[in-house]
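K.L.:
Model the structure of this input:
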Amino acid sequence: MNNQPANQTDRNYLTKIFVKQYAARILLIAVLLTMMTILTFSSEYFLTLKNIKNILNLASTYILLSVGMTFVICSGGIDLSVGAIMAMSSVIMGFAMKAGIPVGPAVLFGLISGTLIGAANGFLISKVGINALIVTLSMMSIVRGSVILLTDGKPVFGFDSSFTFWGGADSIFRPLGWEGSLVNIVNPPIALALLVTFLGWIVLEKTKLGRYCFVLGSNESALQKTGVNTLFYKVLIYALSGLCAAITGFIVAARLNTCEPLAGTGYEMDAIAAVVLGGTLIQGGSGSISGTFIACLILAVMRNGLTILSISSNYQQLLTGLIVMTAVAISEIKRRKG
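P.N.:
Take a look at the predicted model:
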């Protein structure tokens, strides 16, 4: 009899933990399903396999970019340079391939360039002590301006099929001879987005970098007092964001068979929207890859649905801004309530 109150207390505690950890994600899934239901009744085209593939292709772009942004915002930072990094890394790949360098090394050069730009952001923020907003906003202008100067504002295009394959025209199973409607949906961008999501989840939830990422966002000075090299981890976090941006630039360039100097314009806003909508506190210290993943699906469904319904892209930008504003307001209220 005496154990009953204790058991009830334990159940209440576990219920609170469950609600705290998963309620937001369950709500996001409910929002996603509601949107899909409404759009299904609004357009007979919405649930076709072709359109589902379009949605997943768009979501894969958001996911690849937003996984890196999740680490940055969890650590208490922000990265406004990711769109420009997309352009720079893809243009470097394009120039390398035009110079006769094979696709593999050319893509590697682009990925390294994005990683190094991200690392430079982290160094300036952590070592020099400049505000993250100022550093990444300045880097966005520097990188974007450099890309336009390098290309004279003109796109680089016309690449080998081994490059454009990664854009998603074919299924990853096509070389194996596998056929079928559902199998054909899984193309390289979607597969890569799933892989990056899984790896991002492992790193954020199961590794030292992930633990330090949360502490950097909630109490960086306490972490420094324990002797942890916060400079190293901040550089690593921003380098990871740069790498994710470079991967996204690669996928977008491969999809279009063109490396555009203006590629990625506005994508930083989409990434921030996905991260904060997914439940990551804009102040840092809390967040999840799974929440970001679901939020990316919501944004992709929203954009696709508005396009199907022939609603102007201006309204799409308006809705994205409202989503960010609302999510930030909610996170601030949650932070104040503790």
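K.L.:
per-residue confidence at the residue nearest to Met69 when sequence neighbours are not counted?
P.N.:
Spatial nearest neighbour of Met69, excluding adjacent residues (Cβ to Cβ, 6 or more residues apart in numbering): Ala271 at 4.2 Å. All C-beta spots, glycine's among them, are computed from the backbone N, C-alpha and C. As predicted, Ala271 sits at a pLDDT of 95.
K.L.:
For the host helix or strand of Leu28, the averaged confidence score.
P.N.:
Element membership of Leu28 [criterion: DSSP states H and E] is helix 3-42. Averaged over helix 3-42, pLDDT sits at 76.
K.L.:
ditto for stretch 51-61
P.N.:
If you average the pLDDT over stretch 51-61, you get 94.
K.L.:
tell me the contacts of the residue most central in space within the chain?
P.N.:
Nearest to the geometric centre of the chain sits Ser66, at 1.2 Å (Cα atoms, centre = their mean). Contacts of Ser66 were listed using Cβ atoms under 8 Å, 6 or more residues apart in numbering, and they are Asp270, Ala271, Ala274, Val275, Gly278, Thr292, Ala295, Cys296.
K.L.:
residue ranges with poor pLDDT in this protein?
P.N.:
Within the chain, the ranges that satisfy pLDDT under 70 run 1-21, 173-183, 334-335, 337-338.
K.L.:
Please look at Gly287 and Ile73 and confirm they touch.
P.N.:
Yes: because the distance of 6.5 Å satisfies Cβ atoms under 8 Å, Gly287 is recorded as touching Ile73.
K.L.:
okay, and the common contacts of those two?
P.N.:
Joint contacts of Gly287 and Ile73 (Cβ under 8 Å, 6+ apart) are Val275, Thr280, Leu281.
K.L.:
Tabulate the residues you listed (CSV), appending distance to Gln317.
P.N.:
Conversion of the shared contacts of Gly287 and Ile73 to CSV gives the following (distance: Cβ to Cβ, whole Å):
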residue, distance to Gln317
Val275, 18
Thr280, 22
Leu281, 24
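K.L.:
Identify the residues contacting the residue nearest to Met69.
P.N.:
Tyr62, Leu65, Ser66, Gly68, Met69, Val82 are the contacts of Ala271 under Cβ under 8 Å, 6+ apart.
K.L.:
Mind checking which of these land in helices?
P.N.:
Among the contacts of Ala271, the residues falling in helices (DSSP state H) are Tyr62, Leu65, Ser66, Gly68, Met69, Val82.
K.L.:
isn't the second one right up against Ala246?
P.N.:
No: under the criterion of Cβ under 8 Å, Leu65 is not in contact with Ala246, lying 10.1 Å apart.
K.L.:
Now do the shared contacts for those two.
P.N.:
Taking Cβ under 8 Å, 6+ apart as the contact rule, Leu65 and Ala246 both touch Met86.
K.L.:
doesn't Ser90 make contact with Ala106?
P.N.:
No: at 10.4 Å, Ala106 does not count as touching Ser90 under the criterion of Cβ under 8 Å.
K.L.:
Of these two, which one has the most company?
P.N.:
Legend: neighbour count by other Cβ atoms under 10 Å for Ala106 and Ser90, higher for Ser90 (32 against 23).
K.L.:
Which strands or helices does the helix or strand containing the more buried one pack on?
P.N.:
When elements are assigned from DSSP H and E, Ser90 belongs to helix 82-98. Using 3 or more Cβ pairs under 8 Å, 6 or more residues apart in numbering; DSSP states H and E as the contact test, the elements touching helix 82-98 are helix 49-74, helix 103-123, helix 132-151, strand 156-157, helix 230-256, strand 258-259, helix 267-277.
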